[in-house]
Structures are given as C-alpha cells and as structure tokens.
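>>> build the 3D model from these lines:
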Amino acid sequence: MNKKIFIVIFLLTTLATYSQFDFMTGMGISFQSTPSLKDYINTYTQGNDGPGEYSSAVTFFFESDYSINPTFDIGIEYETKIYSFNTSFGGIGKYDISYLAHSPSLLGYYVIQGEGYKFKLGGGVGYRIISVDEELPTSTAVTNYTANGFGLLLKAQAHTLLSGNFYAYFGADIRYDIIGEATNDSGKLEAPGLKEEVNFNTLSFGVKIGVSYLIR
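Okay, here's the model as predicted:
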C-alpha cells in the first residue's frame, strides 16, 4: 500500500515539475480542394468564372495545450473556417454559396524547446460540422443546409518570445475532412438535373499567425 502511494506521489510530482500550459489564438488562410462542391457550383456557372481546383478560405482559431513532459504536449483546438463564392448572371440575378465550418480537434505534439522558443510537430482528430447558405439566381431567399463528419490533421507550430510570457505564433497544417452530404428538412443539396448529392470532403493546406501565452 505504501509503495502504491509513493508511486502516485512520484507521478504527481513529476507532472507538476514539467507542467506547462500554452494558450494561443490567431487567424490564417486555408487553400483547399473540395471536388464535389466545385462540380456542383460549376453546374450553375457552366465552367465560366467557377471555382478552381483549389480555393481559399479564412480561418480563426483558439488552442490550449498542456505539457506532459518537456518533449510531449496534448491539446484541444477549435478552428472556424469561412468560405464564400458568388457570381452574377447578367440581369437574371446572382448565385451565392457560403459556409461556416466548426472544427474542434484533440491534438498530440512532439516538442523541441529552449530559451525564448518552442517548436511543436504533431497531429490529431476531431468532429466537423458545417452550415451552408445558398442563394439561387431565380430567388432572393437563402436556403440553409448542414453537414457533419470527422477530420484528421498534421500540424506544425513555432513560438518565438516577444516579452514575458507572450510569444509570436506561426503555424502550418494539412487537413483532410470527411464530411457527409449537406441536408435540411426539405432534402439534400444536389446538382439540378444530375441528382448528384454534394459532400464536403476537403483536403486543405493552411498557414496561421497569432499570439501565444506560455505559462511555465
């Protein structure tokens, strides 16, 4: 019994010795490929002024990490992504589609750190949900759809000391989100005439800048 208590005390002491919390926030840009969505939009644009193979979206994020030991961190990240595409059809009207994506993730990192800097390389997995708004050329009404799924990511981040516990944050990531078909109470988002349901499976490459606060 005394041996077990000693082991517990030893582990708690070790964690307390190495414990460190990191908080970071900022914004970035994502370059992404969503083939099903691209094909869907091109049914309206007929290939003219439609989205390319890769498009861009704005991202905002917040992350909190905990250091298990000097070389390993675990964390939770929440990222919001905003995407929008619109085009006009002369006097007929405009076509507009946009979505807001919510992406919470659990993360694990290998850490390299020293005086005035900290570098992390790792990955994670999380739940994904998006809310899609669409306005057709023949209507001024906005129709909303939702979709959900999960995602995987690889991520690297660097922290460079600014002052005190404040650091400049630079990050890059690769993500693959497997998100199902967008639906609402009336049905599914699908290409007219083709009856092709739209999914939001996305491969993306992102870069981010921000500020971090490291508690040692």
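>>> residue boundaries of the helices in the protein?
Here the chain has its helices, by DSSP state H, at 2-18, 35-45.
>>> which of those comes out lowest on mean pLDDT?
When the helices of the chain are compared by mean pLDDT, helix 2-18 comes last with a mean of 49.
>>> what's the closest non-adjacent residue to Tyr44?
Closest residue in space to Tyr44, ignoring its immediate chain neighbours: Tyr95 at 5.0 Å, by CB to CB, 6 or more residues apart in numbering. For glycine as for every other residue, the C-beta is placed from the backbone atoms N, C-alpha and C.
>>> quick check: beta-bridge partners of that neighbour?
With DSSP bridges as the criterion, Tyr95 is bridged to Thr87.
>>> just checking, it touches Asn42?
No - counting by CB atoms under 8 Å, Tyr95 sits too far from Asn42 to count as a contact (11.0 Å).
>>> between those two, point out the one with more neighbours.
Per other CB atoms under 10 Å, whichever of Tyr95 and Asn42 has more neighbours is Tyr95, with 19 against 15.
>>> now do the contacts for the more buried one.
Shown in contact with Tyr95 (CB atoms under 8 Å, 6 or more residues apart in numbering): 41, 44-45, 86-89, 135-137.
>>> can you do 6 Å?
Taking CB atoms under 6 Å, 6 or more residues apart in numbering, we find Tyr95 in contact with 44, 87, 137.
>>> go on, Asp96?
Asp96 makes contacts with 86, 135, as judged by CB under 6 Å, 6+ apart.
>>> quick check: closest non-adjacent residue to Phe119.
Nearest non-adjacent residue to Phe119, counting by CB to CB, 6+ apart: Ile112, 4.6 Å away.
>>> burial measure for that neighbour, as a count.
Ile112: 13 neighbours (other CB under 10 Å).
>>> of all residues in the chain, which one is nearest the centre?
By CA atoms, centre = their mean, the mean C-alpha position of the chain lies nearest to Glu79, the distance being 4.4 Å.
>>> that one contacts Phe62, correct?
No - assessed by CB atoms under 6 Å, Glu79 is found out of contact with Phe62, at 8.2 Å.
>>> in the sheet, who's paired with the spatially closest residue to Leu153 that is not a sequence neighbour?
The shortest distance from Leu153 to any non-neighbouring residue, by CB to CB, 6+ apart, is to Arg175 (4.3 Å). Residues in a beta bridge with Arg175, per DSSP bridges, are Leu153, Ser204.
>>> the one 4 residues further on now?
Partner residues in beta bridges with Ile179, using DSSP bridges, are Gly149.
>>> so what's it up against?
Neighbour list for Ile179: 128, 147, 149, 200 [criterion: CB under 6 Å, 6+ apart].
>>> at 10 Å what do you get?
Ile179 sits next to 34, 36, 101, 103, 128-130, 147-151, 199-202 when contact means CB atoms under 10 Å, 6 or more residues apart in numbering.
>>> distance of it from Leu37?
Counting by CB to CB, to the nearest Å, the gap from Ile179 to Leu37 is 10 Å.
>>> same question, Ala158
With distances taken as CB to CB, Ala158 is found 32 Å from Leu37.
>>> appreciated, that's everything.
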